[in-house]
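Novice: here are the coordinates; sequence isn't available:
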């Protein structure tokens, strides 16, 4: 097994996937991992809907793209530029092309529900990498339509869609800030320096 | 190395720590891992302050406990009951007793900053477990005092404090809901069943 740091380093966000199908046992593996995450007051506010059905994936894509069009019009200038550089548009073909989607819902009445959900997402990202699978954490700008489409109670909010498959592209890892700029010792601005990994 | 699922399973939330000191190289390891996490538009909204100074830990504890007293008075009945069952009060001795604190700040002007921070926290939790270290994700009810104490710009918000050390207790893992209750196939309520790990 690779170390956590190795998995974190090798992981790339991927938006194009191979057609090769994904075993449900891999999906169960990553959700078993997510299930173990800590959560506020152990309320486990997460629910996961796994979607493999082609027609359903298309309807999810349509719901997302409709929401995206408005978002892209309203985005601030810096983000429009970033989106353009990255080639990101309102179109979300990966929602149809990925063999599997995991839709992650969070129960908005639970303490620290958003925080808990995203700890679990962090677990999922590393578990996917361990299995050689890729994803992108994609959150549509509006989500109510997903509750109707999938019969999800109103107190659960779609937090993220994870399209999952074997990577169909090998993107560069976007550069990270050096540790000296993000980690400080005892006070802001004092680099956690002089220490080798 | 253990698998991600094994690490996730073995991890416990711990509030009591051994006095044994924690090597800074372990802290660098977990922060290197966090640094690799994906974030909204790759804006890396996280900043980490590592605190080992005894006097500073005490002042952090005092800031937290002052905020906690009001929170405990206002908590809803079910949470008061849960807190009592768990023996959780406004007192946070682990903030002084843990050899190291990591304070995680998020830049509130970045897209998906909360979500990004907590993916990174998920990475940290697994990296700590890999190193035999324990923590509890503790967020004080008010946080502005921490900016003043540590010289942190106002656009960064304290999201969580991670007291880190070797475990000084071996708590049971709070039970998790079975996968059949949290993971569905194609629609809400349809268990992702019949599949072995």
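Specialist: Great, that's in hand. Keep in mind that this is a model prediction, so the values were computed, not measured.

Novice: quick one: the helix ranked longest in chain A near chain B?
Specialist: The helix that spans the most residues within chain A, counting by DSSP state H, is helix A:54-74. Yes - counting by CB under 8 Å from any CB of the partner chain, chain B is contacted by helix A:54-74 at residue A:56. Glycine gets a C-beta too; all of them are placed from N, C-alpha and C.

Novice: List the buried residues of the helix or strand that comes right after that helix.
Specialist: Elements were assigned by DSSP states H and E; along the chain past helix A:54-74, the next helix or strand is helix A:77-86. Buried positions in helix A:77-86, judged by neighbour count with 16 or more other CB atoms under 10 Å in any protein chain shown: A:79, A:82, A:83.

Novice: Mind checking what helix or strand follows helix A:77-86 in sequence?
Specialist: helix A:94-97.

Novice: Which residues in that following helix does the neighbour count mark as buried?
Specialist: For helix A:94-97, by 16+ other CB under 10 Å, it's A:94, A:95, A:97.

Novice: ok, back up a step: could you give me the buried positions within the longest helix of chain A?
Specialist: A:56, A:57, A:59, A:60, A:61, A:63, A:64, A:65, A:67, A:68.

Novice: Report the inter-axis angle for that helix versus helix A:77-86.
Specialist: For helix A:54-74 against helix A:77-86, the angle by axes from the mean of the first three to the mean of the last three CA atoms, to 10 degrees is 130 degrees.

Novice: now the strands: where do they sit in chain A?
Specialist: Shown for chain A, the strands assigned by DSSP state E span residues A:46-51, A:100-107, A:156-164, A:183-185.

Novice: circling back to that earlier point, among the buried residues of helix A:94-97, find me the one that's closest to residue A:163.
Specialist: Nearest to residue A:163 out of the buried residues of helix A:94-97 is residue A:94 (CB to CB; 4.6 Å).

Novice: Around residue A:117, how many other residues sit close by?
Specialist: Using other CB atoms under 10 Å in any protein chain shown, residue A:117 has 26 other residues around it.

Novice: quick one: it and residue B:92, what's the gap?
Specialist: 25 Å (CB to CB, to the nearest Å).

Novice: Same list, the buried residues of helix A:94-97, but as JSON lines with pLDDT please.
Specialist: Formatted as JSON lines, the buried residues of helix A:94-97 follow (pLDDT from 0 to 100):
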{"residue": "A:94", "pLDDT": "98"}
{"residue": "A:95", "pLDDT": "98"}
{"residue": "A:97", "pLDDT": "98"}
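
Novice: List just the nearest of those to residue A:177.
Specialist: Nearest member of those to residue A:177, counting by CB to CB, is residue A:94, at 27.1 Å.

Novice: From chain B, how far off is the closest one?
Specialist: Distance, residue A:94 to chain B, by CB to the nearest CB, to the nearest Å: 15 Å.

Novice: related to what we said a few turns ago, can you narrow the buried residues of helix A:77-86 to ones near chain B?
Specialist: A:79, A:82.

Novice: I'd like the buried residues of helix A:77-86 as CSV, with pLDDT appended.
Specialist: Formatted as CSV, the buried residues of helix A:77-86 follow (pLDDT from 0 to 100):
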residue, pLDDT
A:79, 84
A:82, 85
A:83, 87
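
Novice: Which one of the buried residues of helix A:77-86 is nearest to residue A:50?
Specialist: residue A:83 (28.5 Å).

Novice: The closest one and residue B:12, how far apart?
Specialist: On the measure of CB to CB, residue A:83 and residue B:12 end up 41 Å apart.

Novice: likewise residue A:103?
Specialist: According to CB to CB, residue A:103 and residue B:12 sit 29 Å apart.

Novice: ditto for residue A:39
Specialist: In terms of CB to CB, residue A:39 sits 14 Å off from residue B:12.

Novice: Looking at those two, which one has more neighbours?
Specialist: When neighbours are counted by other CB under 10 Å, residue A:39 and residue B:12 differ, and residue A:39 comes out ahead with 22 against 17.

Novice: So for that one, what's the pLDDT?
Specialist: What the model reports for residue A:39 is a pLDDT of 98.

Novice: If you rank every helix and strand of chain A by mean pLDDT, what lands last?
Specialist: helix A:77-86 (a mean of 88; mean pLDDT, DSSP states H and E).

Novice: what's the offset of it from the middle of its chain?
Specialist: Centroid displacement of helix A:77-86 relative to its chain, using CA atoms, centre = their mean, to the nearest Å, is 20 Å.

Novice: What is the neighbour count of residue A:151?
Specialist: Quick note: residue A:151 (other CB under 10 Å) scores 12 neighbours.

Novice: What of the one 10 residues further on?
Specialist: A total of 27 residues lie near residue A:161 under the criterion other CB under 10 Å.

Novice: if I pick it, what's in contact with it?
Specialist: Applying CB atoms under 8 Å, 6 or more residues apart in numbering or on different chains to residue A:161 gives the contacts A:60, A:64, A:95, A:101, A:102, A:103, A:104, A:138, A:139, A:140.

Novice: Show me the shaky parts of chain A.
Specialist: Scanning chain A for pLDDT under 70 picks out the ranges A:193-197.

Novice: which residue ends up closest to the midpoint of it in space?
Specialist: residue A:137 (2.1 Å; CA atoms, centre = their mean).

Novice: Could you report the neighbour count for the closest residue to that residue other than its chain neighbours?
Specialist: Excluding the flanking residues, the one nearest residue A:137 by CB to CB, 6 or more residues apart in numbering or on different chains is residue A:160, at 5.2 Å. Residue A:160 sits with 23 neighbouring residues when counted by other CB under 10 Å.
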